[in-house]
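Q: With the input below, show me the fold.
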Amino acid sequence: MTASTAALLVLFLLLVLASVKPLGLYMAQVFEGAPIWPLRLGAPLERWIYRLCGVEPAREMGWKEYAAGLVIFNTLGALALYLLQRCQLWLPLNPQKFVNLPADSAFNTAVSFVTNTNWQGYSGESAMSYLTQMAGLAVQNFLSAASGIVVAIALVRGLARHSSQTIGNLWTDLTRATLYVLLPLALVLALALVSQGVIQNFSAYQDVTTVERLTQTLPMGPIASQESIKELGTNGGGFLNANSAHPYENPNALSNLLEMLAILAIPAALTYTFGRMVGDTRQGWAVLAAMAILLVTLLTVTVHSEQRGNPLIARLGVDQAASTTQAGGNMEGKEARFGIAASALFATVTTATSCGAVNGMHDSFTPLGGLVPLFQMQLGEVVFGGVGTGLYSMLIFAIVGVFIAGLMIGRTPEYLGKKIEAFEMKMSSIAILVMPFIVLTGTAVAVSTEAGRAAVGNPGAHGFTEILYAFSSAGNNNGSAFAGISANTPFYNVALGIVMWLGRFWPIVAVLAIAGSLAAKKRIPVSNGTMPTHGPTFVVLLIGTVLLVGALTFVPALALGPIVEQVMLWAVP
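A: Numbering: from 1, shown residues only. Predicted coordinates:
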């Protein structure tokens with residue numbers, strides 16, 4: 001690892017850690033309804049929204065009502081987005097006169113953006129009108145992110161409360177997550193991106209003459225506003241097909257750094273929010289430590305693999321060492337303005353979370369470099385994870401971890417003063433096992449059918465990895481892809497859409513059930529037999545639980561893909 005690479009990684013991690021406490025404290029105050037000035041300033045607008053929607057903000061909900069409201073709300077959002085895509089030709093803000101999207105593509109995209117996946121089987125600049133991008137995709141970027149946050153907050157309330165039949169008010173939580181957290185941060189980031197050259201306009205596409213005296217059409221549009229929430233909400237769906245590799249979305253090194261920071265800001269800060277709301281910030285720091293250790297370890301693998309380069313090219317006598325005259329390593333599929341370190345960091349961050357934005361092509365990474373993004377998704381998006389989803393998924397692993405520890409010492413497991421009993425373990429098992437079940441089932445169907453195999457751009461082990469990556473990305477609501485697969489087909493649009501929906505809402509219902517069960521329990525006093533859940537031992541236990549479950553559910557699939565490719569690279573003479 002070069003000195004400049006190490007400096008970039010250290011700087012990035014320090015900036016992320018510096019934002020954890022202030023942002024985490026602010027979010028805790030927002031969801032606790034503390035008398036802070038943003039809530040006082042926004043109170044008239046908040047009350048108007050409640051009156052308009054007929055919401056009683058003071059009335060709290062049980063977990064079943066909370067879950068039903070969230071699923072219905074997102075179902076209606078998917079329907080609205082589907083209809084918008086199917087009618088965009090006849091609606092305003094369509095200067096390029098883009099036609100209505102086919103039914104299968106519109107279905108896939110609607111489910112994709114509502115589930116915070118943002119898988120894109122279409123090319124944004126040649127398919128979506130400005131109205132569809134703003135009123136459809138960008139709106140769901142806010143609402144899907146808010147949905148993930150409120151589920152995490154509901155679970156935290158379940159851990160913090162005792163003898164309670166409620167976990168909060170869904171509509172109040174959604175409103176505050178959007179109004180006080182996502183909107184202000186997105187506005188600030190959008191202005192910062194505009195200052196770096198990200199475009200924001202409503203102009204028609206521009207025809208320009210290139211230096212070769214050819215005509216090229218340059219896309220225009222309100223990109224900065226969508227780019228900001230795309231990263232902050234760990235959504236990942238780009239305005240343009242090239243996503244954050246396009247200079248209109250990500251012009252330079254500073255914009256690249258800002259976008260990566262935005263991806264991790266809320267997921268990391270929610271760990272402090274958790275600690276603050278349960279009355280012990282050490283609990284949040286322990287969860288953050290587990291996430292950070294996993295991220296740094298996997299990031300080191302990615303950077304090393306990409307900077308080492310391709311051994312087949314090295315055998316041809318090509319110099320792949322980094323120097324003052326070349327980036328060195330594996331530069332295939334990467335932007336020269338970012339280089340290997342920033343590209344590898346972006347790929348690791350975007351798949352550690354459920355973002356899926358890309359500033360390079362993961363399909364062009366080395367086998368082990370491409371394994372890390374795939375493996376992080378298959379862990380269940382808990383290495384920070386998406387906004388909200390990362391925290392509640394990691395807390396589920398914490399519950400499983402203390403249960404395993406309780407079995408080893410012959411004591412009833414407990415977490416934060418709550419007994420972990422049969423119901424919590426059943427729901428935790430559902431939340432964890434849904435993802436590998438739907439991913440492996442979808443992959444098996446795809447490789448067994450002509451429609452699934454026809455979209456693969458590369459034969460052999462890498463082709464299998466492309467399919468596995470697609471279903472892992474959909475099932476974990478990530479949205480990134482190995483670019484070698486042509487997934488905009490009726491088979492993949494429907495299959496991935498179903499996987500995205502199940503991967504999002506099946507675990508959410510299980511998590512909210514756990515929240516309701518924990519909230520109703522009485523608090524158990526701390527005793528000499530209570531296992532501390534805020535120290536190094538618990539951090540190791542939590543990491544071990546994540547890796548154990550990930551290994552047990554995905555080892556067969558992993559062994560057939562990137563690892564086989566790496567062995568082939570080493571073995572070919």
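Q: tell me what the host helix or strand of residue 187 is packed against?
A: Under the criterion DSSP states H and E, the helix or strand holding residue 187 is helix 183-195. Secondary-structure packing of helix 183-195 (3 or more CB pairs under 8 Å, 6 or more residues apart in numbering; DSSP states H and E): helix 223-232, helix 253-277. Yep, even glycine has a C-beta here, placed from its N, CA and C like the rest.
Q: Turn those helices into JSON lines, columns for distance to residue 336.
A: Output for these, formatted as JSON lines (distance: least, CB to CB, whole Å):
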{"stretch": "helix 223-232", "distance to residue 336": "21"}
{"stretch": "helix 253-277", "distance to residue 336": "12"}
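Q: Deepest in the core, which of these is it.
A: helix 223-232 (a mean of 28; mean count of other CB atoms under 10 Å).
Q: can I get the CA coordinates of stretch 297-311 in CSV?
A: C-alpha atoms of stretch 297-311 as CSV (Å, rounded to 0.1, in the frame of the first residue of the first chain):
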residue,chain,number,x,y,z
THR,A,297,-10.2,-5.5,7.1
LEU,A,298,-12.2,-5.9,3.9
LEU,A,299,-11.0,-2.6,2.6
THR,A,300,-7.4,-3.7,3.0
VAL,A,301,-8.1,-6.8,0.9
THR,A,302,-9.7,-4.7,-1.9
VAL,A,303,-7.0,-2.1,-2.1
HIS,A,304,-4.2,-4.7,-2.0
SER,A,305,-5.8,-6.8,-4.7
GLU,A,306,-6.3,-3.9,-7.0
GLN,A,307,-2.9,-2.3,-6.5
ARG,A,308,-1.2,-5.7,-7.0
GLY,A,309,-2.6,-5.9,-10.5
ASN,A,310,-3.3,-8.8,-12.7
PRO,A,311,-0.7,-11.6,-12.6
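Q: ok, back up a step: let me have the helices and strands packed on helix 183-195 in CSV, extended by mean pLDDT.
A: Formatted as CSV, the helices and strands packed on helix 183-195 follow (pLDDT from 0 to 100):
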stretch, mean pLDDT
helix 223-232, 95
helix 253-277, 96
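Q: Distance check, the residue of the chain positioned farthest from its centre against residue 205.
A: In the chain, counting by CA atoms, centre = their mean, residue 213 sits farthest out from the average C-alpha position, at 42.0 Å. Using CB to CB, to the nearest Å, residue 213 is found at 20 Å from residue 205.
Q: try residue 256
A: 25 Å.
Q: Next: residue 389.
A: 36 Å.
Q: of the two, who's got more company?
A: Neighbours were counted for residue 389 and for residue 205 using other CB atoms under 10 Å; residue 389 has more, 31 against 13.
Q: quick one, what contacts that one?
A: Contacts for residue 389 (CB atoms under 8 Å, 6 or more residues apart in numbering) come out as 116, 148, 151, 152, 354, 381, 477.
Q: Just give the nearest non-adjacent residue to residue 339, would you?
A: residue 327 (4.9 Å; CB to CB, 6 or more residues apart in numbering).
Q: Angles on the backbone of the one you found, please.
A: Dihedral pair for residue 327: phi -70, psi -30, per degrees, to the nearest 10.
Q: okay but it is in contact with residue 342, surely?
A: No. Counting by CB atoms under 8 Å, residue 327 stays clear of residue 342, with 10.4 Å between them.
Q: Mind checking what secondary structure the nearest residue to residue 111 once chain neighbours are set aside has?
A: Nearest residue to residue 111, sequence neighbours excluded (CB to CB, 6+ apart): residue 497, at 4.3 Å. Judged by DSSP: H, G, I helix; E, B strand; the rest coil, the three-state class of residue 497 is helix.
Q: Quick check, residue 497 in contact with residue 107.
A: Yes. Using CB under 8 Å, residue 497 makes contact with residue 107 at a distance of 5.5 Å.
Q: These two: who's more crowded?
A: Set side by side, residue 497 and residue 107 show more neighbours around residue 497, with 24 against 21, by other CB under 10 Å.
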